[in-house]
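> got a structure for you, letters missing:
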């Protein structure tokens, strides 16, 4: 017997540069859902979604919560997810649209899907083109060549992570480096220096790193700014900046394993 309730949730990604980066399936759900709940920062993309959706609710205004002194941004994300769930509980087919990939640095989608399924509603996530996809294409990097490590910047800073300098390292959200209060959207040169000092355990301070920002409209070009690791504390970091650290040393053969394989 099917016990799934009437409401349904589909979380989709619109890609970074929405024109040409949205899958046909995601577009179909946006057009046919009873309501689209969106967190799309680009004005042109947001207006386009409003035009093709039957009904549209924008979540961006919730970020004003973060301007309230002492407000934890996790509470804001929780309120966004609850807004999505309210529509699902009303028995609607809800399409929650997020720029990029809905599951990459988008905890709202994960919260909403988890809660919807726990309450007996159908919920799924469709992939979208993410910053990582654009980064690989724009910078001409092949993660399969040296391997790739990927983690959030503050997580890397505050936990004991074992970095392999012979592999590509991607650090997400460096503009929040060392921000532990979850109440502000910024870092500081002093905190970035702490990041540099930790990275310097595995990389030369003169090692070239890249600040990457994907283009979000057909009129933009991606930011691909090379600089020395030691100069990072004085660099301009935006909300969409990603720190890319190419391999600093060659791959070292494991003689023991090679001997075992040869045997």
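Nice, I can see it. Here the structure is a predicted model, which is why all the values come from computation and not from measurement.
> remind me, longest helix of the chain?
Ranked by residue count, the top helix of the chain under DSSP state H comes out as helix 73-89.
> how about that helix: buried residues?
Using 16 or more other Cβ atoms under 10 Å as the test for burial, helix 73-89 gives 73, 76, 77, 78, 80, 81, 83, 84, 85, 87, 88, 89. Any C-beta I mention is one placed from the backbone N, CA and C, and that applies to glycine too.
> Report the next helix or strand after the helix or strand of the chain with the lowest mean pLDDT in sequence order.
Among the helices and strands of the chain, helix 18-21 carries the lowest confidence by mean pLDDT, DSSP states H and E, at a mean of 75. Downstream of helix 18-21, the next assigned helix or strand under DSSP states H and E is helix 24-32.
> Pull the residues that contact that next one.
The contact list for helix 24-32 (Cβ atoms under 8 Å, 6 or more residues apart in numbering) reads 10, 12-14, 36, 49, 52-54, 93, 95, 97, 126, 128.
> all strands for the stretch 101-250 of the chain, in order.
Secondary structure of the stretch 101-250 of the chain (DSSP state E, counting those that start in this stretch): strands at 122-125, 148-152, 168-172, 208-213, 223-228, 242-245.
> mind putting the ones you listed in CSV, distance to residue 258, mean neighbour count and mean pLDDT included?
Shown next, in CSV, are the strands of the stretch 101-250 of the chain (distance: least, Cβ to Cβ, whole Å; neighbours: other Cβ atoms under 10 Å; pLDDT from 0 to 100):
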stretch, distance to residue 258, mean neighbour count, mean pLDDT
strand 122-125, 41, 18, 97
strand 148-152, 23, 16, 96
strand 168-172, 23, 22, 97
strand 208-213, 31, 20, 98
strand 223-228, 35, 14, 98
strand 242-245, 28, 22, 98
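> Include distance to residue 107 when you put those strands into TSV, please.
Output for the strands of the stretch 101-250 of the chain, formatted as TSV (distance: least, Cβ to Cβ, whole Å):
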stretch	distance to residue 107
strand 122-125	12
strand 148-152	11
strand 168-172	13
strand 208-213	21
strand 223-228	25
strand 242-245	18
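> sorry, back to before: please narrow the contacts of helix 24-32 to those residing in strands.
10, 12, 13, 36, 93, 95, 97 (DSSP state E).
> First-to-last residue distance for stretch 32-52?
Stretch 32-52 has its terminal residues 9 Å apart, counting by Cα to Cα, to the nearest Å.
> Mind listing what's buried along that stretch?
33-40, 42, 45-46, 48-49.
> Identify the farthest-apart pair in these.
Maximum pairwise distance in these, criterion Cβ to Cβ, is 23.8 Å, between 34 and 42.
> Could you give the number of residues near residue 102?
26 (other Cβ atoms under 10 Å).
> Contact partners for it?
By Cβ under 8 Å, 6+ apart, residue 102 lies in contact with 11, 12, 13, 96, 109, 125, 126, 127, 128.
> now the stretch 1-150 of the chain, which segments are flagged as low pLDDT?
Scanning the stretch 1-150 of the chain with the threshold set as pLDDT under 70 gives 1-4, 18-19, 65-71.
> again, 50 this time
In the predicted model, the stretch 1-150 of the chain carries pLDDT under 50 at residues 1.
> ok, now the stretch 151-263 of the chain?
For the stretch 151-263 of the chain, not a single residue meets the criterion pLDDT under 50.
> Show me what residue 58 bridges to in the sheet.
Beta-bridge partners for residue 58, by DSSP bridges, are residue 38.
> And residue 42, how far from residue 104?
17 Å (Cβ to Cβ, to the nearest Å).
> same thing with residue 228?
Distance from residue 228 to residue 104, by Cβ to Cβ: 28 Å.
> repeat for residue 197
Computed as Cβ to Cβ, the residue 197 to residue 104 distance reads 28 Å.
> next one: phi and psi at residue 100?
phi 70, psi -140 (degrees, to the nearest 10).
> on contacts alone, who are the packing partners of the longest helix of the chain?
Under the contact criterion of 3 or more Cβ pairs under 8 Å, 6 or more residues apart in numbering; DSSP states H and E, helix 73-89 touches strand 8-13, strand 35-39, strand 93-98, helix 107-118.
> No more questions from me, cheers.
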